[in-house]
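Peer 1: attaching a predicted model along with its sequence, questions to come.
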Amino acid sequence: MSSFFQTGSARGSCHSFSSSLHPTLKRAAVSRPLDEELGDSSHQQNQQQDTIPQQLPPHGTTTMASVHVDAFHVASPPCSPRGGFAGGGPTSPQKMNDLVVEAEHPSSSVTAASVMMRMANSDSVSTPDEARAATAAAAAAPGAASAVAASVVKVPTLMGANDDEDALAHVARAAKVYCQGELLHIVQTAGIFEDSKEFVDMPMRVDPEVVLEQFHALAPSLRRDPTVLKAFLAQYFSAPGSDLVPHVPTDHTDSPPLLEGLAGHAPYQRWASDLNDFWKQLCRKVSPDVDLNPQRYSILKRTHPVVIPGGRFRESYYWDSYWIVLGLLACDMKETARGLVQNLLDDVANFGFVPNGGRIYYLNRSQPPLLSEMVLALVKHDPAGIDKHFVSSALAVLEKEYEFWMNDGERAITFSSLPSSIDGDAHGSSSPPTPCRKHQPHHPQHVLNRYWTASNHPRPESFKEDLHHAGLADCAQGFYANIAAGAESGWDFSSRWIAPCEKGEYALERIATTTIVPVDLNTFLYRMERNLARLHDFVLTRQTSPPTAAAGRTAATIPSDARESWVSSKAQMFADASTRRALAMDHLLWDNHRGMWRDLWVSSNTNSSSTYSSSSRSVINSTGCTFAFEFAKVLPASNFLPLWGRVLDNPALASVASSRKLAALEGLGMSGLITKGGLQTTDTETKEQWDAPNAWSPIVHMIIEGLENLQAGDSGRLAISLAKAWLESNYLGWANTGYMYEKYNGGVPGARGEGGEYYPQVGFGWTNGVVLHLLKVYGGKISEKK
């Protein structure tokens, strides 16, 4: 099979890329509530997708291809680390003094207000001069020269009129301090704070305009004096985290039913009781002053209380929330859980997506899309009693989030077939690639996704760290795009995203996240598609079912993951999309030799006559540049997340599902990832926190659930064994120290994990949530040790 890889127009140069801003945070024109559409049950095909391929490759073969690149558009520009993708080679490394630009006073009628309006309604500022003029006019006092970091946060367009337009202005005003400008640059490079996140989490005591005016009133030499700078911060800023206040959830109880199920294991029962009580320590409400003076805060407004992870993470986070919700539901705190989910639904309504976290400096990226899983978890917890209007309204918002992942920026990638092909045998030998051909859109297509941002500046919360690594990278702008995309993945950071040097070492400045088609993201989006289908039919069924005797409740159940026929036309549309993705993942990501799905890398390859292996394929673009698609060399636990996603239960994969399941079970067993302390994240040990030997609660949970879903071989026994090992490791750490860790050492039960950009954290939201959820599921299978 020959394929075509298309994502959009090519970049021109590294410097042209530097003038672009973050993806537009779109006006959330959320569709009508689904209750108004339930009358239409006719089947409608998704007009934006082509015909689904009707057959799979023969079992036991790996599809090789020559791939024509029409315009491979990565967030990193042509001078991105380790290669040039849009024509042209790497440029010279940019040094530290190239990473900031001098702000100039506007010499024309261009004003900060006019540029800000254009930022809110277009993908980028037209010229660098306009960007500098906006920053200078907004942040610099007359006569003051300032060094300002390159353009940063794109101002979102919110729903509604007056109030929400004011909210837009509040975000823009706060961003002048927290996301851009000389003050941010000087504070973050002055060595005052060990952690860059400290400053951008500090509320302002006065309006940002006053802060900036007083800062620029200082003589230039005094602005960089650490003593003066510390005094300035003490006068005009409050302590980090003071924008949130403690809150005791109203639905918390000291004795949830979960504890009764652990009566046979007293130590675990006491442990669960303490973790249940700890929700009161992690629950927060946004300070009332955030509503009165939002322009003074980096925290985003929240209608409902939040549960924070703990430690330096003083705000809510997107994918953390899924496991926190599972833990809250295990403690029967469904109102608190629903509030967390509603906050994230509000984010989609306001910004068009869920930001990485609940602060304005996270508005340039998202995180793994698990919001539909959270809604589904709420429905499963009480399918008969959950508010039908909540579910139908949530569905409309979830469709908006799905649109973000499929249409915003360049996260979706299309592979489409061409009439002729160069096929390799099962071992991958093949002829050189054929010349380029014109794309023919009537041929079958595969669409998969990647993590992607248009960021071209240091992350405010990791400012000095990013400046350091950007100074070592082949191209600073490419580094900034890839480091932010790595943060969007949730795996920040891992050898998964890093191109090793010739010595086999993994240096963060070589990060290349946007050149990778990851298994886990496509699993999450497969789940989103199936969840949307299931929830659409759930709403329709519940709407048409007669009420039961129980307080007018209706008898409705969530449709099965493996369902083949659908009642709602919307359900059928999303089910079709999931089928296309399942087929694409099987064609492009499944490695039959290793018994697992694998991340797909794109890298430059100047040798067009090279042979192809079972893990690689060669590509040519219209300018004659040769690229290689190959499976990643690092083996991460995420390779097995399609088991959690039930991808093999899709009816379109019925002919290969049984053999794939057994192969994946064997592949996991042979991977070396399962350890006495649980499941290490990758097979590669580096200084990054999402690598061996570290083990993380969300990945362990998904692998356990995936093994339970598998129902093949001894997968059920392995699931219970892994759950027990993980619970015991977490319990040992808690019993010995009184702490729950963000991550653990997979090889040493009870030991905390190490590595990464910050000191290991305790608390800890998703760790507690996974433990409570596993205790609820497996509590009856755990007996008191004799």
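Peer 2: Alright, I've got the coordinates. Computed from a predicted structure; not experimentally measured. Numbering: from 1, shown residues only.

Peer 1: avg pLDDT for stretch 392-406?
Peer 2: Regarding stretch 392-406, the rounded mean pLDDT is 97.

Peer 1: what do you get for stretch 501-508?
Peer 2: 88.

Peer 1: ok, now stretch 363-377?
Peer 2: 97.

Peer 1: okay, that stretch in CSV with CA atoms only?
Peer 2: Coordinates of the C-alpha atoms in stretch 363-377 are reproduced here as CSV (Å, rounded to 0.1, in the frame of the first residue of the first chain):
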residue,chain,number,x,y,z
LEU,A,363,-3.8,28.4,27.6
ASN,A,364,-1.4,27.5,24.8
ARG,A,365,-1.9,23.7,25.1
SER,A,366,-4.2,21.0,26.3
GLN,A,367,-3.5,17.6,27.9
PRO,A,368,-4.6,14.0,27.1
PRO,A,369,-8.3,14.3,26.2
LEU,A,370,-10.1,12.3,29.0
LEU,A,371,-13.1,14.6,29.6
SER,A,372,-15.5,12.2,27.9
GLU,A,373,-14.2,9.4,30.3
MET,A,374,-15.0,11.6,33.2
VAL,A,375,-18.6,12.2,32.0
LEU,A,376,-19.0,8.5,31.3
ALA,A,377,-17.7,7.7,34.8
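
Peer 1: which parts of that stretch are buried?
Peer 2: 363-377 (16 or more other CB atoms under 10 Å). All C-beta spots, glycine's among them, are computed from the backbone N, C-alpha and C.

Peer 1: from those, which single one is nearest F353?
Peer 2: Nearest to F353 among these, counting by CB to CB, is S366 at 5.0 Å.

Peer 1: pull the number of nearby residues for the closest residue to the closest one other than its chain neighbours.
Peer 2: Residue nearest to S366 in three dimensions, not counting chain neighbours: F353, with 5.0 Å by CB to CB, 6 or more residues apart in numbering. Close neighbours of F353, defined as other CB atoms under 10 Å, add up to 26.

Peer 1: and F353, what is it in contact with?
Peer 2: Under the criterion of CB atoms under 8 Å, 6 or more residues apart in numbering, the neighbours of F353 are L25, D347, S366, E401, F404, W405, D408.

Peer 1: neighbour-wise, give me the winner out of those.
Peer 2: In the contacts of F353, the most neighbours by other CB under 10 Å go to S366, 31 neighbours.

Peer 1: run through the residues that contact that one.
Peer 2: Y318, F353, V354, P355, N356, F404, W405, E488.

Peer 1: ok, the fifth one touching G486?
Peer 2: No - taking contacts as CB atoms under 8 Å, N356 lies outside contact range of G486: 11.2 Å.

Peer 1: for L648, give its distance to V777.
Peer 2: 22 Å (CB to CB, to the nearest Å).

Peer 1: neighbour count: those two, which is higher?
Peer 2: L648 (24 against 19).

Peer 1: can you give me the distance of the residue nearest to that one when sequence neighbours are not counted to S287?
Peer 2: Take L648 and drop its neighbours on the chain: the residue closest to it by CB to CB, 6+ apart is A657, 4.5 Å away. Shown here: A657 relative to S287, a distance of 52 Å by CB to CB.

Peer 1: buried ones in the longest helix seen in the chain?
Peer 2: As assigned by DSSP state H, the longest helix anywhere in the chain is helix 519-544. Buried residues in helix 519-544, counted by 16+ other CB under 10 Å: 519-542.

Peer 1: stretch 459-474 too?
Peer 2: Buried residues in stretch 459-474, counted by 16+ other CB under 10 Å: 459-467, 469-474.

Peer 1: and which of these is nearest Q281?
Peer 2: Nearest to Q281 among the buried residues of stretch 459-474, with distances taken as CB to CB, is E461, at 23.1 Å.

Peer 1: pLDDT weak spots in the stretch 351-500 of the chain?
Peer 2: Confidence mapping of the stretch 351-500 of the chain against pLDDT under 70 gives the ranges 416-444.

Peer 1: show me where it has strands.
Peer 2: 412-418, 445-449 (DSSP state E, counting those that start in this stretch).

Peer 1: need those in TSV with distance to W734 and mean neighbour count, can you?
Peer 2: Output for the strands of the stretch 351-500 of the chain, formatted as TSV (distance: least, CB to CB, whole Å; neighbours: other CB atoms under 10 Å):
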stretch	distance to W734	mean neighbour count
strand 412-418	42	20
strand 445-449	37	21
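
Peer 1: just the CA trace of stretch 736-756, in PDB.
Peer 2: C-alpha atoms of stretch 736-756 as PDB (Å, rounded to 0.1, in the frame of the first residue of the first chain):
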ATOM      1  CA  ASN A 736       6.900   4.400  56.200                       C
ATOM      2  CA  THR A 737       6.700   8.100  55.500                       C
ATOM      3  CA  GLY A 738       3.000   9.200  55.900                       C
ATOM      4  CA  TYR A 739       3.200  10.500  52.300                       C
ATOM      5  CA  MET A 740       1.600   9.600  49.000                       C
ATOM      6  CA  TYR A 741       3.900  10.300  46.100                       C
ATOM      7  CA  GLU A 742       3.300  11.700  42.700                       C
ATOM      8  CA  LYS A 743       5.500   8.800  41.200                       C
ATOM      9  CA  TYR A 744       7.200   5.700  42.600                       C
ATOM     10  CA  ASN A 745      10.300   3.700  41.900                       C
ATOM     11  CA  GLY A 746       9.000   0.700  40.000                       C
ATOM     12  CA  GLY A 747      11.900  -1.500  41.100                       C
ATOM     13  CA  VAL A 748      11.800  -0.700  44.800                       C
ATOM     14  CA  PRO A 749       8.300  -1.000  46.400                       C
ATOM     15  CA  GLY A 750       7.400   2.000  48.500                       C
ATOM     16  CA  ALA A 751      10.300   4.200  47.200                       C
ATOM     17  CA  ARG A 752       9.500   7.500  45.600                       C
ATOM     18  CA  GLY A 753      10.400   8.200  42.000                       C
ATOM     19  CA  GLU A 754      13.000  10.700  41.000                       C
ATOM     20  CA  GLY A 755      14.100  12.900  38.100                       C
ATOM     21  CA  GLY A 756      12.500  15.600  36.100                       C
END
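
Peer 1: list the buried ones in that stretch?
Peer 2: Result for stretch 736-756 [16+ other CB under 10 Å]: buried residues 739-746, 748-753, 755-756.

Peer 1: pLDDT value on the closest residue to Y739 other than its chain neighbours, please?
Peer 2: Using CB to CB, 6+ apart and skipping the chain neighbours, the partner closest in space to Y739 is V762 (4.2 Å). The model reports V762 with a pLDDT of 75.

Peer 1: how about V762, what does it touch?
Peer 2: Here V762 is in contact with G310, G311, Y739, M740, Y741, E742 (criterion: CB under 8 Å, 6+ apart).

Peer 1: the same query, at a cut-off of 6 Å, please.
Peer 2: Residues in contact with V762 (CB atoms under 6 Å, 6 or more residues apart in numbering) are G311, Y739, Y741.

Peer 1: thinking again about what came up before, with distance to V700 added, can I get the contacts of S366 in a markdown table?
Peer 2: Formatted as a markdown table, the contacts of S366 follow (distance: CB to CB, whole Å):
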| residue | distance to V700 |
| --- | --- |
| Y318 | 19 |
| F353 | 27 |
| V354 | 23 |
| P355 | 26 |
| N356 | 22 |
| F404 | 28 |
| W405 | 25 |
| E488 | 22 |
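
Peer 1: beta-bridge partners for the residue nearest to Y739, please?
Peer 2: Beta-bridge pairing of V762 under DSSP bridges involves Y741.

Peer 1: where do the helices sit along the stretch 351-500 of the chain?
Peer 2: Taking DSSP state H, counting those that start in this stretch as the criterion, the stretch 351-500 of the chain carries its helices at 371-381, 388-407, 463-472, 476-488.
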